[in-house]
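[1] Here's a sequence, model it:
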Amino acid sequence: NSRDIKTWNGTSYTDFTYSGVNTTALRNALRNDPSDSPQNIINYLRGDRSMENNNSGFRVRGGVLGDIIDSQPVYVGAPNARLYVGRSFNGASSYASWANSLNRTPVVYVGANDGMLHGFNATTGQTASGVETYAYVPKKVIENGIGELASPDYQHRYFVDGELTVADAYNGSSWRTVLVGTLGFGGVAKDRSTTANAIFALDVTDPANVTFLWEKSSTDIPALGINQGRPVIAQIANGDWSVLLGNGANSSDGKAALISINVFTGAERVTTLSNDIDNGLSAVRAWDSNGDGITDIAYAGDLQGNLWKVTSLTSTPRVITKLFQATDPNGTPQPITAWPLAGRSPYTQNVSLFFGTGRYVNTNDLSDMQVQSWYGYVDDGNGSVSTRSDMVEREILLDVPVSAEITARVIEEGAREELNGKQ
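    Numbers count the residues shown, from 1 in each chain. As a prediction, the model looks like this:
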């Protein structure tokens, strides 16, 4: 059919067709049975419904578009021409004219568990409104078993389930709008037991001509586990635009690591934060400490409850500081699985970080009754590792039903003066 569906076959960015998926390994990965036709499965995945028959053909679908669970829709329209007014880094002076020159159709991008990143026309009231403009099938998704979607015995799986991020970045000569996505919980191999995640980058400056930048897998970056949260596109030095993300759980060595990938070249760098195992770094909070448009600090938590600060992001080695470890009243680490919120105090100018603990990613978590907490931490730059005793405790006194669906919490009253001398 006429859908614009692309993939990366390992050597070229090509149409997601039988001729485009041109290696024996990829074609075999599409099969659920040796007798399956890879071409017919590709046609099915492209939306051909003529072979749907649960008794003698492919699985009967309720619709061609797969379910969307953890991937959040991202709108890409006209850039904000004033975004970099007053900044002096490379390309800042030309950003406004570039932004004003664009006249592109707005598009909403989102990942789905049909194995594709989709783009949809985001106009309203027009013939093309809501129509798919583009789709991308990551190579790793083919290897992970996207062909199972055609099997009448199919049991739900995640495929392109990770969060997306979109930002404008300067490549040295022009501004480009770049989309970065991950598989999230779809980063599991066909065998159901091996981590096989991927992160990919596409140039979506022109929605009518989306181009490929790179795709990196857990084979390319063994530290890449099942990442959670949104990757971050940040300028970590003048002209050095990079993707920053926590490596997530179930990496090759089970350690927490910060992964950075150059937006345009795909050059990757891994910074392991500690030797703790059964661990993984969660989503990253990028911080620009002086407002010059360049990120110089990365904050993130890990599954062992550690809160990390990474500076000197372009140096070798980077400077790694452990700020805090979240533990319950018994001293057991509390996992941090979301990025911290950050803000600057108007009184001291110190950065305050706010984050909660808890994990909800596997069956054991369903019955885990460990006490979890919400923390506020002040990064005052002293470099010491803080504990619960360095903080002021506030208790939840009461849960009050407001309606059948809403509950309000009554929290212990406190005064700002109690925070003096606390972390």
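
[2] Going along the chain, name the strands of the stretch 301-423 of the chain.
    In the stretch 301-423 of the chain, strands defined by DSSP state E, counting those that start in this stretch lie at 306-311, 319-325, 341-344, 351-356, 374-379, 396-401, 407-411, listed in chain order.

[3] Partner strands of the last one, with direction?
    Right, strand 407-411. strand 396-401 (antiparallel) (DSSP bridges).

[4] Can you name the residues in contact with the strand it pairs with?
    When contacts are defined by CB atoms under 8 Å, 6 or more residues apart in numbering, strand 396-401 is touched by residues 407, 408, 409, 410, 411, 412. The C-beta positions use only the backbone N, C-alpha and C, and glycine is treated the same way.

[5] Turn those into TSV, columns for distance to residue 170, pLDDT and neighbour count.
    Listed next are the contacts of strand 396-401 as TSV, based on distance: CB to CB, whole Å; pLDDT from 0 to 100; neighbours: other CB atoms under 10 Å:
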residue	distance to residue 170	pLDDT	neighbour count
407	47	93	11
408	47	94	11
409	45	91	9
410	50	92	11
411	45	91	12
412	48	91	10
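
[6] Run through who's touching the longest helix along the chain.
    Criterion DSSP state H: the longest helix present in the chain is helix 92-101. Outside of helix 92-101, the residues that reach it under the criterion CB under 8 Å, 6+ apart are 78-85, 168, 170, 174-175, 293.

[7] Just the buried ones out of those residues, please.
    Buried positions within the contacts of helix 92-101, assessed by neighbour count (16 or more other CB atoms under 10 Å), are 79, 84, 168, 170, 175, 293.

[8] Where does the second one sit: helix, strand or coil?
    The three-state assignment at residue 84 reads coil, by DSSP: H, G, I helix; E, B strand; the rest coil.

[9] Make 482 the first number, not 1, from now on.
    Okay, residue one is now 482; in that scheme the one you just asked about reads as residue 565.

[10] Contacts only, for it.
    Neighbours of residue 565 in contact, by CB under 8 Å, 6+ apart: 573, 576, 577, 774.

[11] Dump those residues to JSON lines, plus distance to residue 838 and pLDDT.
    Formatted as JSON lines, those follow (distance: CB to CB, whole Å; pLDDT from 0 to 100):
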{"residue": "573", "distance to residue 838": "39", "pLDDT": "98"}
{"residue": "576", "distance to residue 838": "39", "pLDDT": "98"}
{"residue": "577", "distance to residue 838": "42", "pLDDT": "98"}
{"residue": "774", "distance to residue 838": "32", "pLDDT": "96"}
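
[12] Can you pick out the most distant pair from those residues?
    With distances taken as CB to CB, the most widely separated pair in the contacts of residue 565 is 577 and 774, at 13.8 Å.

[13] coming back round to it: kindly indicate the member of the contacts of residue 565 with the most neighbours.
    residue 576 (21 neighbours; other CB atoms under 10 Å).

[14] measure that one to residue 586 for me?
    Residue 576 sits 21 Å away from residue 586, taking CB to CB, to the nearest Å as the criterion.

[15] what does residue 618 give?
    For residue 618, the distance to residue 586 (CB to CB) stands at 22 Å.

[16] same deal with residue 609?
    When CB to CB is applied, the distance between residue 609 and residue 586 equals 8 Å.

[17] Do me a favour and get the end-to-end distance for stretch 535-542?
    Its start and end residues considered, stretch 535-542 measures 10 Å (CA to CA, to the nearest Å).

[18] ugh, typo on my part, it should be stretch 574-592
    The straight-line separation of the ends of stretch 574-592 (CA to CA) is 34 Å.

[19] Now do the buried residues in that stretch.
    Using 16+ other CB under 10 Å as the burial criterion, the residues of stretch 574-592 that qualify are 576, 577, 579, 580, 586, 588, 589, 590, 591, 592.

[20] What of stretch 759-768?
    Judged by neighbour count (16+ other CB under 10 Å), stretch 759-768 contains these buried residues: 760, 761, 762, 763, 764, 765, 766, 767, 768.

[21] Test my guess that residue 683 contacts residue 696.
    No: checked against CB atoms under 8 Å, the pair residue 683 and residue 696 is beyond contact range at 9.3 Å.

[22] what's around residue 816, how many residues?
    When neighbours are counted by other CB under 10 Å, residue 816 registers 24.
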